[in-house]
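K.L.:
only the shape, not the letters, is given here:
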């Protein structure tokens with residue numbers, strides 16, 4: 001019914017055009033963005049500007065907390081538990097047909113589908129699945145002021161300007177595509193790599209976040225004491241966290257991440273400016289997503305690769321002309337399996353039968369509409385997290401569990417899984433976990 005209503009709206013005039021799609025991915029961007037109010041230190045005026053154009057989601061979660069399985073799931077519309085693509089080393093290409101991917105589906109339905117930067121995981125690309133694809137070249141740069149490396153968590157302060165980072169090339173290319181004359185609807189996918197490591201960006205972005213003013217994320221020394229052994233192994237407290245703390249570099253690492261987020265935000269700003277300059281903003285559906293979250297020491301953990309809040313939550317912003325109200329944040333809990341079906345709904349492209357998710361169109365129209373579905377994240381076979389507005393329930397493949405009540409514990413410090421009075425809560429949440437859990441596909445060398 002919602003799709004029919006929208007199609008009637010966009011077709012009310014004989015001159016109505018098929019909407020273009022601007023599809024923006026920002027790698028490793030967690031919920032440290034201004035409009036989500038998770039970290040007051042972040043400076044993201046352009047992400048906040050885009051959020052003000054439409055509807056953003058306060059509780060949006062990835063399908064998997066790693067680049068390859070997250071992107072394979074989002075771009076195919078099929079969960080890791082459906083495809084067996086659970087980790088970065090699982091090559092999705094032999095197991096997910098091109099015809100089932102978002103870009104090919106839109107190409108097959110009349111769009112010129114152009115991609116740039118990181119959309120799929122870099123090791124496993126299929127450039128022939130696009131009408132055109134641009135990959136930025138290595139940038140020699142102008143040197144560095146300083147470099148740091150703690151157990152592989154790396155960053156550097158670059159000399160020179162934005163041209164020293166490859167994402168600038170990606171955005172330059174996308175701006176040219178926005179300004180080019182198109183003889184068919186445009187689906188433009190812009191993949192910004194920062195704030196993925198190494199956090200190497202020009203000094204001016206570090207200067208936005210003076211080291212003396214950096215605050216560490218909320219943290220408890222005893223945070224791992226009440227979680228099962230499997231969860232403790234996930235955290236790996238003797239790895240990245242120990243190295244960074246021994247090097248007294250925790251604040252420097254937070255600064256580097258914030259600087260990289262600010263650089264990515266600046267590139268987004270250039271892209272949005274170009275879209276407005278074309279006069280096509282009112283005929284362009286925009287969706288922006290971060291492929292997963294990122295820990296910066298919370299739970300003694302760094303990077304993604306975990307089922308907790310910091311690793312799984314990321315921005316999700318929708319701007320759909322004639323549909324989304326301006327400057328609204330939905331409190332409903334969603335996951336990124338919704339992106340493929342929603343794009344079909346808001347453009348009038350028929351949705352394929354293989355999708356695991358459902359359209360968010362009801363929430364784009366009314367961000368506070370009733371929504372009964374939980375968000376689900378998978379990290380390895382039979383390892384799932386279910387998130388509702390109140391609860392996070394994690395169950396590992398060995399049966400061990402974690403349960404957090406976000407109404408009183410937003411940083412997940414107290415595991416309630418062993419509370420007898422909450423057995424019914426766990427049973428209810430478990431009903432949202434995938435019932436299909438196919439074996440992991442072979443890992444690439």
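P.N.:
Now that the structure is in, tell me what you want to look at. Treat the numbers as computed from the prediction; the structure is a model and nothing was measured. Numbers count the residues shown, from 1 in each chain.

K.L.:
which stretches in the protein count as helices?
P.N.:
For the chain, the helices defined by DSSP state H occupy 2-10, 45-53, 67-76, 80-83, 102-108, 166-179, 203-207, 229-235, 242-246, 250-278, 309-312, 339-347, 361-365, 423-430.

K.L.:
residue 383 is nearest to which of the ones you listed?
P.N.:
Checking the helices of the chain against residue 383 by Cβ to Cβ gives helix 229-235 as the closest, at 8.2 Å. (C-beta placed from N, C-alpha, C; glycine too.)

K.L.:
got the buried residues for that closest one?
P.N.:
230-231, 234-235 (16 or more other Cβ atoms under 10 Å).

K.L.:
do the same with stretch 354-361
P.N.:
Residues of stretch 354-361 classed as buried by neighbour count (16+ other Cβ under 10 Å): 355-361.

K.L.:
make JSON lines out of the helices of the chain and add mean pLDDT and distance to residue 441.
P.N.:
JSON lines is the format used below for those (pLDDT from 0 to 100; distance: least, Cβ to Cβ, whole Å):
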{"stretch": "helix 2-10", "mean pLDDT": "44", "distance to residue 441": "33"}
{"stretch": "helix 45-53", "mean pLDDT": "98", "distance to residue 441": "34"}
{"stretch": "helix 67-76", "mean pLDDT": "98", "distance to residue 441": "10"}
{"stretch": "helix 80-83", "mean pLDDT": "98", "distance to residue 441": "7"}
{"stretch": "helix 102-108", "mean pLDDT": "98", "distance to residue 441": "20"}
{"stretch": "helix 166-179", "mean pLDDT": "98", "distance to residue 441": "29"}
{"stretch": "helix 203-207", "mean pLDDT": "98", "distance to residue 441": "38"}
{"stretch": "helix 229-235", "mean pLDDT": "97", "distance to residue 441": "21"}
{"stretch": "helix 242-246", "mean pLDDT": "97", "distance to residue 441": "32"}
{"stretch": "helix 250-278", "mean pLDDT": "98", "distance to residue 441": "31"}
{"stretch": "helix 309-312", "mean pLDDT": "98", "distance to residue 441": "22"}
{"stretch": "helix 339-347", "mean pLDDT": "98", "distance to residue 441": "20"}
{"stretch": "helix 361-365", "mean pLDDT": "98", "distance to residue 441": "32"}
{"stretch": "helix 423-430", "mean pLDDT": "98", "distance to residue 441": "25"}
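
K.L.:
how about these in a markdown table, adding distance to residue 192?
P.N.:
Formatted as a markdown table, the helices of the chain follow (distance: least, Cβ to Cβ, whole Å):
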| stretch | distance to residue 192 |
| --- | --- |
| helix 2-10 | 29 |
| helix 45-53 | 11 |
| helix 67-76 | 13 |
| helix 80-83 | 24 |
| helix 102-108 | 17 |
| helix 166-179 | 5 |
| helix 203-207 | 14 |
| helix 229-235 | 27 |
| helix 242-246 | 25 |
| helix 250-278 | 5 |
| helix 309-312 | 20 |
| helix 339-347 | 17 |
| helix 361-365 | 23 |
| helix 423-430 | 34 |
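
K.L.:
among the ones you listed, which is nearest residue 437?
P.N.:
The closest of the helices of the chain to residue 437 is helix 80-83. By Cβ to Cβ, the value is 4.8 Å.

K.L.:
tell me what that closest one is packed against?
P.N.:
Applying 3 or more Cβ pairs under 8 Å, 6 or more residues apart in numbering; DSSP states H and E, one finds that helix 80-83 contacts helix 67-76.
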